[in-house]
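Participant: here's a sequence, model it:
(2 chains)
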Amino acid sequence: MLIEVLKTIISPVAFAAALRLSCPLIIGSVGGCFNEKISTGNLAYECFMLVGAFFGAYGSFISGSPVIGSLVAVLSGFVLALIYGLLVYHLNCNAMIVSIAYNNAAWALTTLLLVVIWNTRGQFTDPRIVSYSTLDMDFLKKVPFLDTLFNNNILLVYLAYIYAIIGHIIMYMTPFGLRLRGVGSYPMAAQSAGISVRKYRWIGLIIMGCSMGLAGSYMPLSGMSLFSENMTRGRGFLCLTSILVGKGDPLKTTVIALLFGYANAMTLVLSTFNLPTQIVSMLPYVAVLAVLLMVGIRNYKGAKNITGDTI
Amino acid sequence: MTSGNETIAKPKRFDLTSGIWVEVARYFFSFIGVLLLGALLIYAQGEDPLKAAKLIVAGAFGNRVAIGNSFRWATPCLLTGAAAIVAFKSGVNNLGIEGQMYLGAFIAAVIGYFYKLPAGVHMIVCLVAAGFSGVIWMIIPAVMRLFFRINEYITTMMMNFIATLFCDFFVIWVIIPSLGITTTTAATPNIMKGARLPSLIKGTSASWGFLLGIFCCVFVYILYRYTIQGYELKQVGENLKFALVGGVNVKKTFLSIFVLSGFLGGLAGGVEVTGGYYRYVSGFSYTMGWEGIMIANICKQNPIALIFVSIIWGALKTGAMNMERGTALNRLTVNLLQMIFVILVSIDFEGIFKFFDDRINKKKELDKIIRQTGAQNAN
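Facilitator: Just a heads-up that it's a prediction; the model follows:
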C-alpha cells in the first residue's frame, strides 16, 4: 500500500491538481506582494477573496459570461481596497483592526447577500453561473506527461503563472518597482527623493485588491458553478502566509503558494486511501515553520547574547 | 471679578483635540452612525428597524434566560480579549489566540472525559491543563522570536492552522475509533458532570466561566496598574530601549508576555468546553479568537472597559438570535453592524481634529504674518 500511496503522490494527476489548485493562491499572493512591499500590515486577504468569490459568481450569473464575472470580482476588490485605503491612510485607523473587522464582515456580508439575492442559506448552485471552459490544446496531446499536467485547464490557471512572471518583472526590472520597494523599505528616504509615499501605498493596495478579487473569482467559476457560505475557507490566509514567508518576492511567493496547492491536492488524491487528511494538510504549515527556522538559525547569537536588536 | 483677570488665559472647557471628550465623541458618533446604517440595512431587507431593535433588546436582557445567554456569550470575549490585551499592550502580535483556544478546548475535553477525578478538582485540572496547553502552543513562536528573530506575526498564524488540524486529526482518527462509536459530527463525547463548571444563573447557559473571565480582566488590570512586573511588561512594549537602560530583563519579560497571553488563550478554550459545549466540536470557535483581538482594541486595551464591551458583544449575539426568530432578518446583519462599529470606533478622530486644528492655526498665523508684513510695507 505504501508503494501505491507514493506512486499516487508523484503521479502527474497529483501535480496537475496542484497546478490547478494553487492558481487562486498564486494570483492573490503575487498581487499581495505589491501590498506587502509597502508594509501596511494588511491582513484582510480573506475578505477580499471571499467577496471576490461572491461577486464572481454573481457577475457570471447575471451576464452569463465568466469573464464578466471575473471583472465584477475585480471591481469588488477595487471598491473594498478604496474603502480600506480611505480608512487606513486618510482616517488613520489601525490597519490590523480594520483587517480583522473586514475578514469577519466578509463572511456576514456574503452570506447576507446570498440570502437577499438568491434567497438560500448555505449554498447556491445554478447552471446560470457559467464557469470558464477548459482550453484544449492539440499540440500537447502527443506528449504523455505534459498533456495531463498542462492541458485542459481553465484560462485563469495559465494566467496565474504568466501573472507571477509579470509580477517579478514589474517588481524588479522597472522604475516603478524600484520606487515601490523604496517606499516600503524606507519611506522617509523615498519621500526625500521626491516620491509620493501615499501614492505608492495606494497603488500597492489597489493592485492587491484587484488581484485578490480575481483570485476569488476562480473558486465559483472553475467548473463547480456554485457559491457556498465561507467558500474560501482560509485560502486568503494561505495567500498572506505565502507572501510573508516569501517576503514579498513574487517568485518565492509563487513557490510557497505551489507548496500549499500541492498539499491541497494531496488531501484530494489521498482521500481514496483512507489516510488521515488532516496530517497531510498540516504538512505545508510544518514545512514552512521548518523553513523559517532554517533561515532564522543564522540569526542565533547564543542564549546569553540577547539584547535589544534581537527584538 | 475685576477686569484684570481677563488677561489670564481661560482653560478651554471643551478641548476637542484631546482627553475624555474625544473618547465620548468617538463612541457617540460611531453609535449614531451604526444606528443609521443599521436602520438602512434592515429597511433595505424589508423589515421595520424599530421592531428589530426591540427584539434585539428583548432577546438580550428581556428575561432571566436572555441575560444568562448574554453572559454565556460574553465569556469567550472576556478571556480572549484579556489574552489579546496582554499581548498587544506589550507589543507582541499574538494572532494565534484562535489556535490556543482550540488546543485548550481539546485538552479540556480529553481530560474531562477520560480521567475520573473528584468533582471540584476535575474542573480545576481541566482548566489549568487547558491553560498550559495554550502556553505550550505559544512557547514555539516565543522561542522562534527570541532566539531566531522570526516574527511571531507569521508563526502564530501558522500555529492556528496546525492547531485546528491537529485537534481534528485526534478527534476523528484516534478518539472516535477508540470508543467504537459512529457519529456524523467530528466531536468528542460529553465530559463528566464533575468536570463541568457550575451554572451561574439557574436554568440558563451562563456558567461560572463568566466570573472567571471577569476575574482574569481584573487580574490583568491590577497587574498592569499596581505591580512592578506589570510596569516592566508595559515598558517593554512601549519603549524597549528605555526598558533595557532601566535594567529590565528583556528576555524574561518577553517570555512571560507570551506565556501569560497563551495561558489566557488556552483558558478561553477550556472554559468553552467546561462551561459551554461540554465537548470538543470541530470548528466550534468560528472567529472568537479574532474577535478578542478586535474587542481589545475597541476598548483601548483597558481591561475594565473590556468587561463592558464583552457584555455588550454577548448581548448583541443573543439579541441577534432572537431577532432572527422574530423577523425575516438574518442574524449576520447584526454581525455586519458590529464590524462597522469596530471600524468607526478605530477611526482616529483625535488625529483628524488635530489636522484641522493645525490648519486653522496655520492659517491664522499666516494671516497674522501677512497683516504684519502688509503693515510694514504700508509704513
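
Participant: got the buried residues for the longest helix seen in chain A?
Facilitator: Using DSSP state H, we find that the single longest helix of chain A is helix A:95-118. Residues of helix A:95-118 classed as buried by neighbour count (16 or more other Cβ atoms under 10 Å in any protein chain shown): A:95-112, A:114-115. Heads up, the C-betas are built off the backbone N, CA and C, glycines and all.

Participant: next secondary structure after that helix?
Facilitator: Next in sequence after helix A:95-118, counting helices and strands by DSSP states H and E, comes strand A:123-125.

Participant: quick one: buried residues of stretch B:340-360?
Facilitator: B:340, B:341, B:342, B:343, B:344, B:345, B:346, B:347, B:348, B:349, B:350, B:353.

Participant: does that stretch reach chain A?
Facilitator: Yes - using Cβ under 8 Å from any Cβ of the partner chain, stretch B:340-360 comes into contact with chain A via B:340, B:342, B:343, B:346, B:347, B:348, B:351, B:352.

Participant: closest one to residue B:128 out of those residues, please.
Facilitator: residue B:342 (32.5 Å; Cβ to Cβ).

Participant: quick check: pLDDT value at residue A:210.
Facilitator: The model reports residue A:210 with a pLDDT of 91.

Participant: same check, this time on the one 10 residues further on
Facilitator: Note for residue A:220: predicted pLDDT of 84.

Participant: ok, now the one 5 residues further on?
Facilitator: With respect to pLDDT, residue A:225 scores 77.

Participant: that one - how many residues pack around it?
Facilitator: Look at residue A:225: counted by other Cβ atoms under 10 Å in any protein chain shown, it has 19 neighbours.

Participant: doesn't residue A:20 make contact with residue A:258?
Facilitator: No - counting by Cβ atoms under 8 Å, residue A:258 does not reach residue A:20; the two are 11.2 Å apart.

Participant: and the helix or strand of chain A with the lowest mean pLDDT, what does it pack onto?
Facilitator: One helix or strand of chain A scores below all others by mean pLDDT, DSSP states H and E: helix A:144-150, with a mean of 71. Helices and strands touching helix A:144-150, by 3 or more Cβ pairs under 8 Å, 6 or more residues apart in numbering or on different chains; DSSP states H and E, are helix A:12-21.

Participant: which helix or strand lies directly C-terminal to the helix it packs on?
Facilitator: Following helix A:12-21 in sequence, per DSSP H and E, is helix A:23-37.

Participant: host element of the residue of the stretch 151-300 of chain A found nearest chain B?
Facilitator: The nearest approach of the stretch 151-300 of chain A to chain B comes at residue A:296, 3.1 Å away (Cβ to the nearest Cβ). Element membership of residue A:296 [criterion: DSSP H and E] is helix A:277-296.

Participant: what does that helix contact?
Facilitator: A:241, A:245, A:256, A:259-260, A:262-264, A:266-267, A:270-271, B:140, B:144, B:147-150, B:154-155, B:158, B:161-162, B:165-166, B:168-169, B:172-173 (Cβ atoms under 8 Å, 6 or more residues apart in numbering or on different chains).

Participant: buried ones from those residues, can you make that a PyMOL selection?
Facilitator: Burial among the contacts of helix A:277-296 is assessed by 16+ other Cβ under 10 Å; the matching PyMOL selection reads:
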select buried, (chain A and resi 241+245+256+259+260+262+263+264+266+267+270) or (chain B and resi 140+144+147+148+149+150+154+155+158+161+162+165+166+168+169+172)
